[in-house]
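J.: kindly return the folded structure for what I paste below:
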Amino acid sequence: MEFEPVIGLEIHVQMDTKTKMFCSCPVEFGAEPNTRVCPVCLALPGSLPVTNRQAVEYAIRASLALNCEIRTRCLFARKNYFYPDLPKGYQISQYEEPLAVNGWLEIEGRKIRIRRLHIEEDAGKNIHEGSKTYVDLNRAGTPLMEIVTEPDINSAELAKLFLEELRNIMRYTGVSKADMEKGQLRCDINVSIRPKGSNILGTRVEIKNVNSFRFVQKAIESEIERQIKILSSGGQIKQETRTFDPATGLTHPMRTKEEAQDYRYFPDPDLLPLIISKEWVEDIKRRMPELPSQRREKFVKKYGLTKYEAKVMTDLKAVGDFFEEALRFYHEPKLLSNWLLNDLLGLLNEAGKDIEGSPVNPSQLAKLVSFIKNGTISSKLAKEVLKLMVETGKDPELIIEERGLKQVSDEESIKKLVEEVLRNHPKEVERYLHGEEKIFGFLVGQVMKLAKGRANPQLVNRILHELLKVYTG
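T.: Okay, here's the model as predicted:
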C-alpha cells in the first residue's frame, strides 16, 4: 500500500519587543540568569499583569502579513500545567478567542492555510548539567505568537520552505529576528500518514521543539518512514509526543500527547478582553513594510532578475537592502546583482563575515561595477580589486590608483602590443591562418600577459582580428 504524509506545524515566534508581555522587565538574550525578573514574572502574590501594547501591534502586523482575519475581540486564558520553568503553574495564552484566524501563505504555488495566530507568554528555561537541572526565569513572560497551520503540508521539503518564508516575513515586518539558534523561532511538527488518496486523517504524532530548518526536514522524513514501517507490518500508531535526535536522525518518545482538556483552560480573571478597533488595524495596515513576496516580484519585473536571483536576494533582507542601496548609486541591476551574489557574498563568507558586517558598502560596490561598465578596469582585475576591498575596506578608486590597475583603452598602445605579439609568434600566426581558430585565444592571452592584464579585452580582440586580416590579405 502506498501512503502519503499529512503535516501541520505549530510555530512559536518571539516578538522583538523591549519588554515582556505582561510586565516591564527587559527582554535580553544571554543576560545573567534570573536577573531580568520581577514579581509579575515570578508570580509573587499580589502581582498583576499589564498587557504590552507593542506586542499586540506586532501580532496584528504578523496577522496581516499572513492574510489572517483579525478579530475585534480576543481573550486571554490560563493554560494550566506544572513544570519547573513555569512559576505561576499556568501560562497566559489564548484559546477559544484568539487574535486572528483563517490565514494562508502560498509556497511553491500551494496555499498553506493558517488556522489561528494567538498571543501568549513564554516559559523560563531549564538548563541540564549532568544530574542537576537549573532554572533560568529571564525568558518567563517574553511575548510570543503561536501560529498554527492546517494539515495542508504534504512533504518535508514543503514544511521547510514554509518555515523559511515565515521567518522572512517576521524579519521583513520587524516583528521578530526569528533566530532559531536563540530560540526566537521554535517549531512543533504534527505528522500522520494515510493511504494515498484517502480523506481520513491518520493518528498524529507531535515532534517537539525542532531547532533548525534542516532538522525540521530530517525529523519529518524520519517520522514518516517510522510510521510507514509500523502500518506496513500491521501495527498501530500511538498518539504521543516525540523528540528528534540530530545525532541519530531518529525521533524518540517523550510522553503521551496532552489534549486541550488536560490544560484546563479558563479566562484569565486578571486581564480584560482585548478590543481591537478597525481604525487601529487600518493604521497598522497603512504602515506595513514591503513583504518578501512583493520584493521578489519587484526584483523580477522592475530589475530584470531571474526568479532564482530574486529569491536569493530576498531570503536575507539585509542582502536585498544592500542591493537596492547600491542601485541608488549606479543603476545597473543585472551587473550589480551578479557581483553581489557571485563575488561579494562569497568573499564575505570566506572572511567569516555577513553582509551586515561587510567592509564593502553599497556605494563602493556600485562604484566598482561602474568602473567595469565604463572600461576603467577589466572584470578579471575587478575580482582582484574586490578581494582587496573586502580585506582593507578601501575605496575601489584608491586601490586601482595604488596598484596601477587602470585598464588600458588607448587604441594605439594596444595596437603596439598586438604587433609585438604577432612578431614574436610567427608559427602560431601561421597556424591560425591555416584554419586553427583556437590559436586566436592564445594570441589574445599573450597580449593580455604583455599588458599585465590591463588591456581592454574588447579592443584587444578587435585590433587582433584587424591585423590578422592584413596577414591574410
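
J.: and the helix or strand where I372 lies, which residues are buried?
T.: Here I372 sits within helix 362-373, counting by DSSP states H and E. By 16 or more other CB atoms under 10 Å, the buried positions in helix 362-373 come out as P362, Q364, L365, A366, K367, L368, V369, S370, F371, I372. All C-beta spots, glycine's among them, are computed from the backbone N, C-alpha and C.

J.: likewise stretch 272-289?
T.: L274, I276, W280, V281, I284.

J.: so how far is the first residue of that stretch from its last?
T.: End-to-end distance of stretch 272-289 (CA to CA, to the nearest Å): 30 Å.

J.: I147 is in contact with I114, correct?
T.: Yes - counting by CB atoms under 8 Å, I114 does reach I147; the two are 6.2 Å apart.

J.: which of those two has more neighbours?
T.: Comparing I114 with I147 by neighbour count (other CB atoms under 10 Å), the higher total belongs to I147, at 27 against 23.

J.: pretty sure that one is in a strand, no?
T.: Yes - membership of I147 in a strand is supported by DSSP: H, G, I helix; E, B strand; the rest coil.

J.: quick one: contacts for it?
T.: Residues in contact with I147 (CB atoms under 8 Å, 6 or more residues apart in numbering) are L9, E10, I11, V13, A62, L66, I114, R116, L117, L166.

J.: ranges for the helices of the stretch 301-450 of the chain?
T.: 307-315, 317-329, 333-339, 345-350, 362-373, 379-392, 396-403, 411-424, 426-433, 439-450 (DSSP state H, counting those that start in this stretch).

J.: what helices and strands are in contact with the fifth one?
T.: Helices and strands in packing contact with helix 362-373 are listed as helix 317-329, helix 333-339, helix 379-392, helix 396-403; criterion 3 or more CB pairs under 8 Å, 6 or more residues apart in numbering; DSSP states H and E.

J.: and the contacts of the third one?
T.: Applying CB under 8 Å, 6+ apart, the external contacts of helix 379-392 come out as 339, 343-344, 347-348, 351, 353, 358-360, 364-365, 368, 371-372, 377, 394-396, 399-400, 403, 405, 407, 453-454.

J.: what is the three-state secondary structure of E466?
T.: Applying three-state DSSP: E466 is helix.

J.: tally of neighbours for it?
T.: So E466, with other CB under 10 Å, has 11 neighbours.

J.: so what's the residue count around N190?
T.: Other residues close to N190 by other CB under 10 Å number 19.

J.: from M254, how far out is it?
T.: Separation of N190 from M254 (CB to CB, to the nearest Å): 14 Å.

J.: and K380, by the same measure?
T.: 57 Å.

J.: those two: which is more packed in?
T.: M254 (14 against 11).

J.: if we look at the host helix or strand of that one, which residues are touching it?
T.: Applying DSSP H and E as the criterion places M254 in strand 250-256. For strand 250-256, contacts defined as CB under 8 Å, 6+ apart pick out 205, 207-208, 219, 222-223, 226, 238-245.

J.: ok, now which ones touch I228?
T.: F3, I193.

J.: what do you get if the cut-off is 6 Å, keeping everything else the same?
T.: F3 (CB atoms under 6 Å, 6 or more residues apart in numbering).

J.: roughly how far apart are it and T241?
T.: 20 Å.

J.: and V13, by the same measure?
T.: For V13, the distance to T241 - CB to CB - is 21 Å.

J.: okay, these two: which has more neighbours?
T.: V13 (26 against 16).

J.: L464 against E419, yeah?
T.: No - L464 is beyond contact range of E419, at 10.0 Å (criterion: CB atoms under 6 Å).
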